[in-house]
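Engineer: Below is the sequence, then the predicted model.
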Amino acid sequence: MGPRFPPRALVAPGGEHLWLARGLNRNYRKDGETIWCEWYHSCLLDEQGRIVSILSFVQDVSSRIQAEERLQYLATRDALTGLPNRVLLQERLTQAIAQARRSHQRVGVLFIDLDRFKNVNDTLGHRIGDELLKRVTAALSNALRETDLLARLGGDEFMVIVEDFDDPEVLNRIAQKVQDAVSQPFEIEEHDIYVTSSTGISVYPDDGDAPEELLKHADVAMYRSKELGRNTYQFFDAGLAAHRLAQHTLERALRTAVKEEALTLHYQPVVRMTDKAIVGAEALLRWHDAEHGDVAPKVFIPLAEESGLIHALGDWVMRTAAAQCAAWHQAGLPLKVSVNL
């Protein structure tokens, strides 16, 4: 390694110019161990500007270099799995796109999300969940090519960058290998754990020419895999983007409706067959939105489950149905109310 900084002139006490230079070199001990040495050189000049002496000083800075390298590693690696993190992924994807642009090749981006991973953490604990993530990392690494980059975004989300291909069928094969690698049972502390994965795929330059765009589109395709029942993979297309935007808009409206208790319960009578008397009612949840109109339960119930709103929505339904049942009883109508949970 050459000097880190160019020489600079200082004035010595006697008026002479003192030139300084600093450099960092990697050397090796007799046993092969690497040692980093930082050198300081100074030149003392006479009145004519000639070098009359050189003073060199060297110190072992291996500990400092190792600490800097460790910090750099931690800044770009996932602490749990050791995989590249989002920062390094963005950097490598940018490089891959630049290389593909020059060579007229494609770059594939696979967004992998483990299905129902939260259930593992909730039932077996985060320690088992962390171990599962390590096992999944190993399984994915073994399934991918050496040239493919596997990264972890956080939680149960992984990303793969695939380079040096022109036929999209390559991505089909890799995505299927990913599915197979994750779907195998993982034995952890006498627990046989089964998980599946949903994968979304975007391709440069077909689906975008910027890293953020490709990541976003792979994410959209991944959510489409979830909607199709999980344990599958989907390629991005423009229709998916429009569908995802519509889903996001509807979810935002549903979140507002739940917060403002804008949904309603309709009560369907339960009739006793022997005498045709009304003995109860079934509570049916309905939603009418000013922008979207009447939204069917088969649409907004799965959306509530996916967005985490289902618990708040369920609590509101139970409270409202119980209050209505109590009101009927107070009015002299001993009706029962049933709620589908």
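Structural biologist: Looks like it came in fine. What you see is a predicted model; the values in this text were computed from it and never measured.

Engineer: The closest residue to Arg86 other than its chain neighbours sits in which helix or strand?
Structural biologist: Computed as Cβ to Cβ, 6 or more residues apart in numbering, the closest residue to Arg86 that is not its neighbour in sequence is Leu153, at 5.5 Å. For the C-beta atoms, the positions are set from N, CA and C on the backbone; glycine is no exception. Here Leu153 sits within strand 149-154, counting by DSSP states H and E.

Engineer: Let me see the mean pLDDT of that strand.
Structural biologist: Averaging pLDDT along strand 149-154 gives 95.

Engineer: Return the alpha-carbon coordinates of that strand using CSV.
Structural biologist: Output of strand 149-154 as CSV, limited to C-alpha atoms (Å, rounded to 0.1, in the frame of the first residue of the first chain):
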residue,chain,number,x,y,z
LEU,A,149,-26.1,-13.3,-3.8
LEU,A,150,-28.3,-14.1,-0.8
ALA,A,151,-29.1,-11.3,1.6
ARG,A,152,-31.4,-10.9,4.6
LEU,A,153,-33.5,-7.8,4.8
GLY,A,154,-34.6,-8.5,8.4
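
Engineer: Name every strand pairing with that strand and say which way it goes.
Structural biologist: Within its sheet, strand 149-154 is paired with strand 157-165 (antiparallel), according to DSSP bridges.

Engineer: Just list what whichever helix or strand Ala327 is part of packs against, helices and strands only.
Structural biologist: Using DSSP H and E, Ala327 sits within helix 310-330. Other elements packing on helix 310-330 under the criterion 3 or more Cβ pairs under 8 Å, 6 or more residues apart in numbering; DSSP states H and E are helix 238-259, strand 264-271, strand 278-289, helix 297-307, strand 336-339.

Engineer: Out of the ones you listed, which gets the lowest mean score?
Structural biologist: Among the helices and strands packed on helix 310-330, helix 238-259 carries the lowest mean pLDDT, at a mean of 84.

Engineer: Any chance of the helices and strands packed on helix 310-330 in JSON lines with distance to Ile174 and mean neighbour count as columns?
Structural biologist: Output for the helices and strands packed on helix 310-330, formatted as JSON lines (distance: least, Cβ to Cβ, whole Å; neighbours: other Cβ atoms under 10 Å):
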{"stretch": "helix 238-259", "distance to Ile174": "20", "mean neighbour count": "15"}
{"stretch": "strand 264-271", "distance to Ile174": "48", "mean neighbour count": "13"}
{"stretch": "strand 278-289", "distance to Ile174": "41", "mean neighbour count": "16"}
{"stretch": "helix 297-307", "distance to Ile174": "27", "mean neighbour count": "16"}
{"stretch": "strand 336-339", "distance to Ile174": "46", "mean neighbour count": "15"}
